[in-house]
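Colleague: Okay, predicted coordinates and the sequence, questions at the end:
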Amino acid sequence: MITMCPSCRTGFRVRAEQLAVRAGLVRCGKCSRVFDAREHLLEENAPSPVAEAPASAVHVPGADTAVAEAPEVAAAPAHTERTPVEAAAASGARAFDFGPTAGARGRARRWPWILGSLLLALLLLLQAAYYYRTAIVLLIPETKPYAAALCANIGCDLPLPRRIELMSIEASDLQADTNNSNVMVLSATLKNRAAFDQQLPLLELTLTDAQDQPVVRRVLAPQDYLGKAAGAKAGFAANTEMAVKVFIEGAQVKATGYRLYLFYP
């Protein structure tokens, strides 16, 4: 098959298997134009007949006729006349560049997507590590110093775990103060049943009437039931109990009962 460069009109001889491997794309060896050889195929012309020496008439005495006899000539090599396209194809066959294969082009196009996918996966992993940093430290205690140092650099905190199902109220009581009848005293014993330190919970105290309907509800922060020394990030040691006592003004409250439970915000 012959294909011709659409820019410089140089012809090249190609094979079907060459075009199939590279999806038809070739580069002209003369002008470097890349084009689809399948779109510029030409039909090959049949070669011209071999030129023969002309015959001459020789007269033989006594004969009435002349016998055509080919003269002896030096043996000259027969040659075939080539069309301009064939001649160009013969001269430019070695200067032909098929360009990158279709597989190479596909791999080149996939690399940006692979790199982008890896970056997105890394970003997702970092976000998950940040969101679950407390759980990671809990499961792998050896990572706590590194997590604390990282949070110190980026301005985040490393809160203690909040497993409310491992917290319990072991005992509680609400009585009038013996020194002041207008004040009620809430006493309770809290327990952290977890094998790790936890954040101090909040307490919700609800005073009820004779029909067990809420009269007053109050949420107590750690500073309320432990004093100002208990910061918001104070911890509750693993497998320990804690006694709390809260004084509540109750002169205007006609309450006969109460409810108390623990929760995390």
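Modeller: It's in.
Colleague: domains of this protein?
Modeller: According to automatic domain parsing, the chain comprises the domains 1-48+83-99, 109-154, 164-263.
Colleague: so which of those domains gets nearest residue 76?
Modeller: Distances from residue 76 to each of these were compared using CB to CB; the minimum, 16.0 Å, belongs to domain 1-48+83-99. Just so you know, the C-beta spots here come from the backbone N, C-alpha and C atoms, and that holds for glycine as well.
Colleague: that older thread, could you dump the domains of the chain into a markdown table and include distance to residue 76, mean neighbour count and mean pLDDT?
Modeller: Conversion of the domains of the chain to a markdown table gives the following (distance: least, CB to CB, whole Å; neighbours: other CB atoms under 10 Å; pLDDT from 0 to 100):
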| stretch | distance to residue 76 | mean neighbour count | mean pLDDT |
| --- | --- | --- | --- |
| domain 1-48+83-99 | 16 | 16 | 71 |
| domain 109-154 | 58 | 12 | 82 |
| domain 164-263 | 105 | 15 | 88 |
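Colleague: you'd agree residue 219 is in a strand?
Modeller: Yes - residue state for residue 219 (DSSP: H, G, I helix; E, B strand; the rest coil) corresponds to a strand.
Colleague: shouldn't it be in contact with residue 204?
Modeller: Yes - with contact defined as CB atoms under 8 Å, residue 219 reaches residue 204; the gap is 5.3 Å.
Colleague: can you give me the helices in the stretch 1-150 of the chain?
Modeller: Secondary structure of the stretch 1-150 of the chain by DSSP state H, counting those that start in this stretch: the helices cover 16-21, 84-92, 102-131, 133-139, 144-154.
Colleague: So for residue 190, which of those sits nearest?
Modeller: Using CB to CB as the measure, helix 133-139 is the one of the helices of the stretch 1-150 of the chain that comes nearest residue 190, at 20.4 Å.
Colleague: Which other helices and strands does the closest one contact?
Modeller: Where contact means 3 or more CB pairs under 8 Å, 6 or more residues apart in numbering; DSSP states H and E, helix 133-139 is packed against helix 144-154.
Colleague: Which is the succeeding secondary structure element to the helix it packs on?
Modeller: Past helix 144-154, further along toward the C-terminus, the next helix or strand under DSSP states H and E is strand 167-176.
Colleague: What strands line up against that next one, and which way round?
Modeller: strand 183-192 (antiparallel) (DSSP bridges).
Colleague: which residues touch residue 156?
Modeller: Residues in contact with residue 156, defined by CB atoms under 8 Å, 6 or more residues apart in numbering, are 130, 133, 150.
Colleague: quick one: pLDDT of the closest residue to the last one other than its chain neighbours?
Modeller: Translated: residue 150. Distances taken as CB to CB, 6 or more residues apart in numbering place residue 156 nearest to residue 150, at 7.9 Å, with adjacent residues excluded. The model reports residue 156 with a pLDDT of 80.
Colleague: Then residue 101?
Modeller: On the pLDDT scale, residue 101 is placed at 54.
Colleague: what do you get for the one 4 residues further on?
Modeller: Predicted confidence (pLDDT) for residue 105: 56.
Colleague: need the contact list for the residue nearest the centre of the chain.
Modeller: The residue lying closest to the centre of the chain (CA atoms, centre = their mean) is residue 117, at 2.3 Å. For residue 117, no residue counts as a contact, taking CB under 8 Å, 6+ apart as the criterion.
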